[in-house]
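J.: 3D, please:
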Amino acid sequence: MKSVKRPNYNRLTIPTPAELFSPMEVYHENSKLQPSDYELFSTVNLVNTSADIRHYTTHPFVNYPGNPTIPLAANLPAHSADFETVLRARRSEHDYSGRSMAFESFSRLLILGDGIVARKTIEEGNAFSLRTAPSGGGLNPVEIYPIVMRVHGVTPGIYFFNPDQNHLEELSLGDFTADLCEATNMRDEIRKASACFALVGVMPRSSFKYGNRAYRFVLLEAGHIAQNILLSCQSMSLGGLPLGGFTDDKINGMLKLDGCTEITVYLVLVGEKGHAVV
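T.: Model (predicted):
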């Protein structure tokens, strides 16, 4: 039998200048952990052992005091959908019905996406908020800003999800469909979906501890939250579509973020499916 020579994917190659000095490669190199990173490890140890810093990190950072609020549905009964069936059936949805989403379904997506499901009090009395998504160092640098188009009981506009109080905080009322269409080029989907969840990284919340590595942690956490939302959509026979391609400055401007310390890293479109659910 004639043997087939397999390509050696492990061989070292000399990178081209474009590859060597690309911003992506430079960041990757600068954010690597090395055994000699004594200053970083010292900072991490200080954060992990300081009661004062733990008090700071276990309290909410972002909220909009004084803004009108909408309590989300609470004590919702658990769905009985089989997890493996949900996982196998999940697909990115592009066909939405244009009908309004039930308020209970909208609430459930936020709570299951990155809601607080328990609290754990430690020795000095600080209480950690346990969330549905894992977070590097338990710092929770990713926030959810729902942009509502059609949800029963919620006026269209931009809101902030406050998981500590389990409510929405009103930021800007109005129809932002055209803005989302311009920022994402997903016109057909945006015009018929119910809401778009903007996942926003609050960079200093992680970088004060992890330095350059924090950017990786923020992106990883956003992925965890997005998957929670997408699987929750599937469990309720709703549609979900993750969007990583969008005009950053346009979305940041809509949310009134500075685009530096607070940045939009991911969008998740949700709504009722337009085709019959089998």
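
J.: Where do the helices of the stretch 151-278 of the chain begin and end?
T.: Per DSSP state H, counting those that start in this stretch, the stretch 151-278 of the chain carries helices over the ranges 177-184, 187-192, 204-210, 214-235, 248-255.

J.: Throw the ones you listed into a markdown table and include mean neighbour count, mean pLDDT and distance to residue 171, thanks.
T.: C-beta here means a position set from N, CA and C on the backbone, and glycine is covered the same way. Shown next, in a markdown table, are those (neighbours: other C-beta atoms under 10 Å; pLDDT from 0 to 100; distance: least, C-beta to C-beta, whole Å):
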| stretch | mean neighbour count | mean pLDDT | distance to residue 171 |
| --- | --- | --- | --- |
| helix 177-184 | 18 | 96 | 14 |
| helix 187-192 | 18 | 95 | 19 |
| helix 204-210 | 20 | 92 | 19 |
| helix 214-235 | 21 | 97 | 19 |
| helix 248-255 | 17 | 97 | 7 |
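
J.: List just the one of those helices that sits closest to residue 145.
T.: Proximity to residue 145, assessed across the helices of the stretch 151-278 of the chain by C-beta to C-beta, is greatest for helix 248-255 (5.3 Å).

J.: pull the CA atoms of that closest one into PDB?
T.: The C-alpha atoms that make up helix 248-255 are tabulated as PDB, following Å, rounded to 0.1, in the frame of the first residue of the first chain:
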ATOM      1  CA  ASP A 248     -18.200  50.100  16.600                       C
ATOM      2  CA  ASP A 249     -18.500  53.900  16.800                       C
ATOM      3  CA  LYS A 250     -22.100  53.800  15.600                       C
ATOM      4  CA  ILE A 251     -23.200  51.400  18.300                       C
ATOM      5  CA  ASN A 252     -21.100  53.000  21.000                       C
ATOM      6  CA  GLY A 253     -22.600  56.400  20.100                       C
ATOM      7  CA  MET A 254     -26.100  55.000  20.300                       C
ATOM      8  CA  LEU A 255     -25.300  53.700  23.800                       C
END
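
J.: Next, the angle from it to helix 177-184.
T.: Angular relation of helix 248-255 and helix 177-184 on a 0 to 180 degree scale: 150 degrees, by axes from the mean of the first three to the mean of the last three C-alpha atoms, to 10 degrees.
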